[in-house]
Each structure stands twice: as C-alpha cells, then as structure tokens.
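1. Predicted structure and sequence below. I'll ask about it afterward.
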Amino acid sequence: MKLLLSFFLFFGLNQTLLAQKKSFSIGDTLPNFEYQGQFARNYQLKELKGSYVLIQFWASWNQESRSMQFDFIETYGKYKDKKFKKGRRFYIISVSLDEDRVIWELSLKKDNLPWKSNVCDFQVWNSPIVKNCRINSIPFNYLVDPDGRIIAKNLTKEQLDEILKGL
C-alpha cells in the first residue's frame, strides 16, 4: 500500500511539475521580466507595452536558433518603424541561454543583429527569464501584442511577416 501511495504521489508531483513547465498559450499574458541590454541599462518587458514584441530564445551553441535570428533580420527592418493600427512599434528581444560571456559577445559581434536588445544572464536553463517564460527548448519565441498578451509562438519568418503585415 505504501508503494502504491508513493507511486501516486510521485506521479502526481511530476505531472504538476510538467504542467508548470508547459509553455504559455495564445491569449496568456507573458510575465514581466527585467533585463539588461547591451548598453548596461536595465529594461523591463512592461516598458514595451503599446508595441508588438518578439521575444526570441537562442544560444550561440545552437545553430538552429542562430539561423532563426538571421531569418528575422529582414522582417525586423521592414516593421521596426511601422505604425500599426493598434501598436506603435515592433521590437525584438533576444534572450540567450549561453553560459560564457566571451562566447556570447563574440557571437553577437559575428552575427551583427540590427536590434540591440540582446540579453544573457549566463545561467543557461536556470535563468529566471527562461524559467518564468517556461522555455523548455530552443529555438523558441513568443509574439506579444501591445497589451502584453501572447498572440503567436514558435513563429517562422514567413509566419511573423504575415502576422505583422495584417496588423
């Protein structure tokens, strides 16, 4: 009987942990987080309310996620200054899961991305941003609307362009 009870407690606890780690759904509000951009100023996601924001999770050691960053360069250039019907601008925040500052900085220099909100706290999967945003794999992204609600996730460049074109 104790073994059976232990099994149910263990199984139930694991299901609870899995539910907590499940990514957010469309319509959910992404939790606010603080980040330091490349220019040593602290920012908060909530400061970008009123704009569309793509939060992109990547790492220098993950080629697929780096390629996805390149994919968004054209879309960013096309929409960064657009006045949307409901939102004022389009931003991209790149959150890295790197653990080595030198490698991260070399990757940023090499990739030369046009957006300047590149974030890394060097805690990899233990990063509070990664945990609070429920990131379980990379590449991963959320697109949030001017109210901070998730309107799409795991977008390709074509999907992102199509959504932004219609706003």
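-> Great, that's in hand.
2. Might you list the low-confidence residue ranges for this structure?
-> 1-21, 37-40 (pLDDT under 70).
3. what about the helices in it?
-> If DSSP state H is used as the criterion, the helices of the chain fall at 2-21, 63-79, 101-111, 128-132, 157-165.
4. Please name the residues that touch Tyr52.
-> Counting by C-beta atoms under 8 Å, 6 or more residues apart in numbering, Tyr52 touches 79, 84, 87, 89-91, 143-146, 164, 167. Glycine gets a C-beta too; all of them are placed from N, C-alpha and C.
5. Report the beta-bridge partner residues of it.
-> When bridges are called by DSSP bridges, Tyr52 pairs up with Phe90.
6. Check the spacing between it and Val144 real quick.
-> 7 Å (C-beta to C-beta, to the nearest Å).
7. Please apply the same query to Lys46.
-> Counting by C-beta to C-beta - Lys46 and Val144 are separated by 11 Å.
8. Please identify which of those two sits among more neighbours.
-> Val144 (25 against 12; other C-beta atoms under 10 Å).
9. Setting aside sequence neighbours, what's the nearest residue to that one?
-> Once flanking residues are discounted, Val144 sits nearest to Val53: 5.0 Å by C-beta to C-beta, 6 or more residues apart in numbering.
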